[in-house]
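> Okay, structure incoming, though there's no sequence with it:
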């Protein structure tokens, strides 16, 4: 198996990060994913993302305590060539598959989670926001299945946004759900 000596975090460009383990003193490095970002590695890292209608995929390989998470914004593009961009489901899954090949993992070895796809914006019609979120979820599920990933744990949809955190030391994933509360700005003044 190839060595996973560095962390990999990408958004349009590849970045390697080296960590001095002595200075960490058993603390986890925190990586917060913004929309369109993906992280894959094996160091003691805690990855988090804030999800509305966007979707996160978590991958974890128990045998090497490695994995990653991505933050997908939209299901696909009508513009040819754009589907490789990490904001799209197909672009992100292709990037994950490249990491799996590099580190000699098979998709069925990984524990997979799918989160998000909620009704995120109070001011948007529920139909419009739900449509985007659920299209994200459907596209993710279809591509994961096509690429040979096992059935995944899912917590998707709902009239909520989520804060999602994954620990690469043990593969634990936890989330908190938050309901949107409409407020009248005039009454706050």
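Perfect, thanks for sending it. Note that this is a predicted model, so its numbers are computed, not measured.

> what's the weakest-modelled helix or strand in this structure?
For the chain, the helix or strand with the lowest mean confidence is strand 13-17, at a mean of 34 (criterion: mean pLDDT, DSSP states H and E).

> Just give me the neighbour total for residue 73.
19 (other Cβ atoms under 10 Å). Quick note: C-beta positions are derived from backbone N, CA and C, even for glycine.

> quick one, helices of this structure?
Taking DSSP state H as the test, the helices found in the chain are 21-24, 89-102, 126-146, 185-188.

> Can you give the contact residues for the third one?
It refers to helix 126-146. Residues from elsewhere that reach helix 126-146 (Cβ atoms under 8 Å, 6 or more residues apart in numbering): 52-55, 57, 72-76, 89-90, 93, 107, 112, 114, 116-121, 152, 154, 156-157, 159.

> And the pLDDT at residue 30?
pLDDT, residue 30: 93.

> Quick check: it touching residue 49?
No - using Cβ atoms under 8 Å, residue 30 is not in contact with residue 49; the gap is 11.6 Å.

> Looking at these two, which is more packed in?
The residue with more neighbours, out of residue 30 and residue 49, is residue 49; 27 against 10, by other Cβ under 10 Å.

> Spatially, and excluding backbone neighbours, which residue is closest to residue 34.
Counting by Cβ to Cβ, 6 or more residues apart in numbering, residue 71 is the residue found nearest to residue 34 once chain neighbours are left out, at 6.7 Å.

> Then residue 163?
residue 176 (4.8 Å).
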